[in-house]
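>>> Sequence and predicted structure below; questions after.
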Amino acid sequence: MRPKILNFEELVKKNRQELLDDEKKITQIEMRLEKKQTDLTSAKHKKLNLQ
């Protein structure tokens, strides 16, 4: 079966939605990285305080 041919407006709408989805994924990744960095920093501070 051949894929449906999209008109310009449909393509724009589809691409816009994909960009919004990508932006959400990037934000989630950034938040996870920030949490990981915060956790590592906290662990270092705790380790230094114990020594």
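Cool, got the structure. Numbering: from 1, shown residues only.

>>> Give me the secondary structure label for residue 30.
helix (DSSP: H, G, I helix; E, B strand; the rest coil).

>>> Return the distance of it relative to residue 13.
Distance, residue 30 to residue 13, using C-beta to C-beta, to the nearest Å: 26 Å. (Glycine included, C-beta is placed from N, CA and C.)

>>> Rounded mean pLDDT for stretch 23-43, please.
Across stretch 23-43, pLDDT averages out at 96.

>>> how about the CA coordinates for it, as PDB?
Output in PDB follows, covering the C-alpha atoms of stretch 23-43 (Å, rounded to 0.1, in the frame of the first residue of the first chain):
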ATOM      1  CA  GLU A  23      10.800  20.100  22.400                       C
ATOM      2  CA  LYS A  24       9.000  18.200  25.100                       C
ATOM      3  CA  LYS A  25      11.500  15.300  24.900                       C
ATOM      4  CA  ILE A  26      14.400  17.700  25.000                       C
ATOM      5  CA  THR A  27      13.000  19.500  28.100                       C
ATOM      6  CA  GLN A  28      12.500  16.100  29.800                       C
ATOM      7  CA  ILE A  29      16.100  15.100  29.000                       C
ATOM      8  CA  GLU A  30      17.400  18.500  30.300                       C
ATOM      9  CA  MET A  31      15.400  18.000  33.500                       C
ATOM     10  CA  ARG A  32      16.900  14.500  34.000                       C
ATOM     11  CA  LEU A  33      20.400  15.800  33.400                       C
ATOM     12  CA  GLU A  34      19.900  18.700  35.800                       C
ATOM     13  CA  LYS A  35      18.600  16.300  38.500                       C
ATOM     14  CA  LYS A  36      21.600  14.000  37.900                       C
ATOM     15  CA  GLN A  37      24.000  16.900  38.200                       C
ATOM     16  CA  THR A  38      22.300  18.100  41.400                       C
ATOM     17  CA  ASP A  39      22.400  14.600  42.800                       C
ATOM     18  CA  LEU A  40      26.100  14.300  41.900                       C
ATOM     19  CA  THR A  41      26.900  17.600  43.500                       C
ATOM     20  CA  SER A  42      25.000  16.700  46.600                       C
ATOM     21  CA  ALA A  43      26.900  13.400  46.900                       C
END
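
>>> Cool, thanks, talk later.
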